[in-house]
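Q: Okay, sequence plus prediction incoming.
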Amino acid sequence: WLNGKKEKISCGDLFHLNPNVYDSTFVSGISNNETYFMYLNVFTRILMNRFRWKDLPNTCSEEMLEKSLCQQGKALFFFDEKIGFLTLPFTDSGRLNIYGNPVRRIAYSPYANYRHECYGDNSVIIYNNYMRMTEFLLAHSYALRIANTQRICDVNISGQKKMKFIACDESKRLSYKNVMKDYDGNEPMIFGSTSLDIDDFKTLEFSTDDSFLSLDEYKKKMFHEFLTFIGVNNTDFEKGERLVSNEVDSNNEIISMMKTDGLEMRKKACDSINKKFALNVSVEWNPDIEKFAKKLMKPDDKGGDAIE
């Protein structure tokens with residue numbers, strides 16, 4: 001809804017928004033969505049890069065495998081007589097066995113008109129964790145919290161300009177409006193006519209407390225929690241004097257449990273794949289994921305970007 005009217009906006013239009021046409025509420029909503037999807041993209045990339053698969057057949061896609069596990073909590077490894085071994089998402093079809101595994105499985109491609117019917121004797125289900133659940137909702141939840149906090153920071157920082165209410169003669173309103181436009185645009189110097197009487201108007205300032213630093217700490221806390229819940233070590237991200245031994249030990253136990261939860265289910269799937277298809281597929285934890293997450297939290301010495 002734009003200015004009380006329902007309109008369709010394409011992605012390309014977002015880069016050419018006219019503030020005179022679209023009100024501040026609409027522009028603010030676009031910024032909220034952009035910030036949320038930015039963090040969701042980062043968190044999803046972390047989720048999908050936690051594990052490394054080795055010796056997968058060339059026809060298999062590690063990216064599709066981890067994407068299916070991330071978004072649906074499960075994926076299917078099977079053999080197609082025309083293509084070869086594949087790793088794709090699938091849907092349950094029909095009854096379940098006593099352990100809750102579907103007897104009939106329909107593998108499909110989200111990008112092409114491809115479907116393949118499989119059964120327990122010619123396919124292996126790979127589960128994301130022992131609960132067989134996706135972690136995408138976790139990424140969504142923390143992306144929403146951090147994005148909301150970031151937008152509050154943005155508003156708070158903008159408020160440091162000391163927003164003003166100006167009362168002036170209507171005939172001089174445009175002149176004062178142009179002055180404030182230069183102020184809002186961070187102009188180092190503002191020029192005006194000698195006929196502009198600066199004593200001929202009254203102002204009222206709306207002060208804003210400087211709270212973005214505490215909000216920034218909250219963002220870091222949320223990011224640490226997210227990493228802990230997906231098994232990514234983050235105990236050495238903060239300075240040593242901030243760390244308490246008992247807290248570190250407790251955090252490490254949770255990290256180890258979450259890491260094992262996902263890794264063991266993938267290893268079990270590898271064992272089944274190797275026995276059923278005479279392959280040598282294996283999986284391991286990606287040791288570079290902690291480095292990647294740490295770079296997001298702290299800029300490097302050369303000035304890299306950080307999540308805060």
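A: Noted; the coordinates are in hand.
Q: Now Asn280: closest residue in space that isn't a chain neighbour?
A: Asp55 (5.0 Å; C-beta to C-beta, 6 or more residues apart in numbering). All C-beta atoms are positioned from the backbone trio N, CA, C, and that covers glycine.
Q: Distance check, that neighbour against Phe79.
A: Note on Asp55: its distance to Phe79, by C-beta to C-beta, to the nearest Å, is 16 Å.
Q: So between these two, which is more surrounded?
A: For Asp55 versus Phe79, the count of surrounding residues by other C-beta atoms under 10 Å is larger for Phe79: 16 against 12.
Q: Give me the packing partners of the helix or strand harbouring the more buried one, helices and strands only.
A: Assigned by DSSP states H and E, Phe79 falls within strand 74-80. Counting contacts by 3 or more C-beta pairs under 8 Å, 6 or more residues apart in numbering; DSSP states H and E, strand 74-80 is packed against helix 62-72, strand 84-88, strand 90-96, strand 102-108, strand 115-119, strand 123-127, helix 245-277.
Q: let's go with 7 Å and repeat that
A: Secondary-structure packing of strand 74-80 (3 or more C-beta pairs under 7 Å, 6 or more residues apart in numbering; DSSP states H and E): helix 62-72, strand 84-88, strand 102-108, strand 115-119, strand 123-127.
Q: Please produce CSV containing the ones you listed, extended by distance to Gly231, mean pLDDT and mean neighbour count.
A: Shown next, in CSV, are these (distance: least, C-beta to C-beta, whole Å; pLDDT from 0 to 100; neighbours: other C-beta atoms under 10 Å):
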stretch, distance to Gly231, mean pLDDT, mean neighbour count
helix 62-72, 13, 96, 20
strand 84-88, 21, 97, 20
strand 102-108, 27, 96, 18
strand 115-119, 30, 96, 16
strand 123-127, 15, 98, 21
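Q: among these, which is nearest Met38?
A: Ranking those by proximity to Met38 (C-beta to C-beta) places helix 62-72 first, at 17.6 Å.
Q: Extract the CA atoms of the closest one and return them as CSV.
A: This file holds the C-alpha atoms of helix 62-72, laid out as CSV (Å, rounded to 0.1, in the frame of the first residue of the first chain):
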residue,chain,number,x,y,z
GLU,A,62,26.9,-30.3,-2.3
GLU,A,63,25.3,-26.9,-2.5
MET,A,64,21.9,-28.5,-3.2
LEU,A,65,22.4,-31.1,-0.5
GLU,A,66,23.1,-28.5,2.2
LYS,A,67,20.4,-26.1,0.9
SER,A,68,17.8,-28.9,1.2
LEU,A,69,19.0,-29.7,4.8
CYS,A,70,19.0,-26.1,5.7
GLN,A,71,15.5,-25.3,4.3
GLN,A,72,13.7,-28.6,4.8
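Q: what about Arg52, which SS state?
A: strand (DSSP: H, G, I helix; E, B strand; the rest coil).
Q: The residue nearest to it when sequence neighbours are not counted: what's it in contact with?
A: The spatial neighbour of Arg52 that comes closest, neighbours along the chain excluded (C-beta to C-beta, 6+ apart), is Asn286 at 4.9 Å. When the contact criterion is C-beta atoms under 7 Å, 6 or more residues apart in numbering, the partners of Asn286 are Asn49, Arg50, Phe51, Arg52.
Q: This completes my enquiry, with thanks.
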